[in-house]
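A.B. asks: Sharing a model that was predicted from the sequence below.
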Amino acid sequence: MAQGPYVVTGASKGIGRAISQKIASEGYPVIALARSSKELDEIGKLLATACPGSFAIPCDLSKPESIYNAAQIILQSTPWIAGIVHNAGTIFPIMPLAQVEIAKWSASINANLIGVQDLTQRLLSNLGGSQQSRITTISSGAALRPVESWSAYCVAKAGLDMWARCLAAEGASSNISAISIAPGIVDTGMQSDIRSADPDLFPRHADFVSLHTGKQLTNSQDVADQLCPLILSHTMQQSGQRFDVREL
């Protein structure tokens, strides 16, 4: 019997790309979402080759109309969704909360948190039922500990952890589970963005440069290999829990 698809956001690069490829290699079609780019076109083709039924859709989670359009395509393409991996996110703005423009702060919350609710809500009709649908949010240590100049990101990630717990509680009767997983410090484009921040606006800039120069960042593919067993197989009893890749 054919497997239902997984929707993966932020699938064009980094952890999302690696997770998408790992899921496809396990026999699940992947619907890859990310902002329009050559990388998204490329991963769409790679996933379709790895697992028939996979494809990519341009989607900007900071824009409601983009979410609506992507959701309509997904709903029309499949009667049932095996799971969603909410991986997309932005670290910007990296700036003290006293100085950041509210429009930029709000845009970050929209992309990192509100877009997750919007997309999931639009797909709920095709989730759960006779088979379990598994929702996974990619968390961060910043959900638990404040980082100076990352206020929007920290708030959004803390919100996502609670969002997953709320979905776990409300989705239990519909066979919809939700977990969050912190992937550790991974060598992705987000880390490059962090290192490119203005040190005068980001007190911990030197710490993140040192992580890179000291080769302490983990590889996206290794992280995907560790995360995917939970993404694909976590139980209803595990729903609502937060996991850390370093403890798996």
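C.D. replies: Here it is on my side, so go on.
A.B. asks: drop to CA atoms for contacts and neighbour counts, all remaining ones
C.D. replies: OK.
A.B. asks: So Ala172 versus Thr90, what's the distance?
C.D. replies: Here the criterion is Cα to Cα, to the nearest Å. By it, Ala172 lies 30 Å from Thr90.
A.B. asks: Which parts of the chain are strands?
C.D. replies: Under the criterion DSSP state E, strands of the chain are mapped to 6-9, 30-34, 55-58, 83-86, 133-138, 176-182, 242-244.
A.B. asks: Which strands and helices lie in contact with the last one?
C.D. replies: The reference is to strand 242-244. Contact here means 3 or more Cα pairs under 8 Å, 6 or more residues apart in numbering; DSSP states H and E; on that basis strand 242-244 packs against strand 176-182.
A.B. asks: just to revisit the earlier point, out of the strands of the chain, flag the one nearest Ala103.
C.D. replies: Of all the strands of the chain, the one in closest proximity to Ala103, counting by Cα to Cα, is strand 30-34 (21.7 Å).
A.B. asks: In this structure Leu40 contacts Ala34, no?
C.D. replies: Yes: here Leu40 lies in contact with Ala34, judged by Cα atoms under 8 Å, at a distance of 6.6 Å.
A.B. asks: Name the residues contacting each of these two.
C.D. replies: With contacts defined as Cα atoms under 8 Å, 6 or more residues apart in numbering, the residues adjacent to both Leu40 and Ala34 are 11-12, 57-58.
A.B. asks: Most neighbours among the residues you listed, which one is it?
C.D. replies: Neighbour counts for the shared contacts of Leu40 and Ala34 peak at Ala11, which has 30 neighbours (criterion: other Cα atoms under 10 Å).
A.B. asks: Backbone dihedrals for it, both of them.
C.D. replies: As for Ala11, its main-chain torsions (degrees, to the nearest 10) stand at phi -90, psi 0.
A.B. asks: okay, which residue is most central for the protein?
C.D. replies: With distances taken as Cα atoms, centre = their mean, the chain has Asn87 as the residue nearest its mean C-alpha position (0.9 Å).
A.B. asks: who touches it in this structure?
C.D. replies: With contacts defined as Cα under 8 Å, 6+ apart, the neighbours of Asn87 are 8-11, 15-16, 137-138.
A.B. asks: Give me the below-cutoff pLDDT ranges for this structure.
C.D. replies: Along the chain, the model assigns pLDDT under 70 to residues 1-2, 248.
A.B. asks: Which residue ranges of it form helices?
C.D. replies: Listed in chain order, the helices of the chain (DSSP state H) span 14-25, 38-50, 64-77, 102-109, 115-123, 151-171, 189-195, 205-213, 220-233.
A.B. asks: Can you give the distance of the fourth one from its chain's centre?
C.D. replies: Looking back up the chat, that one is helix 102-109. Relative to the chain's own centre, helix 102-109 is displaced by 18 Å; criterion: Cα atoms, centre = their mean, to the nearest Å.
A.B. asks: Which positions within it qualify as buried?
C.D. replies: Applying a neighbour-count criterion of 16 or more other Cα atoms under 10 Å, the buried positions in helix 102-109 are 105, 107-109.
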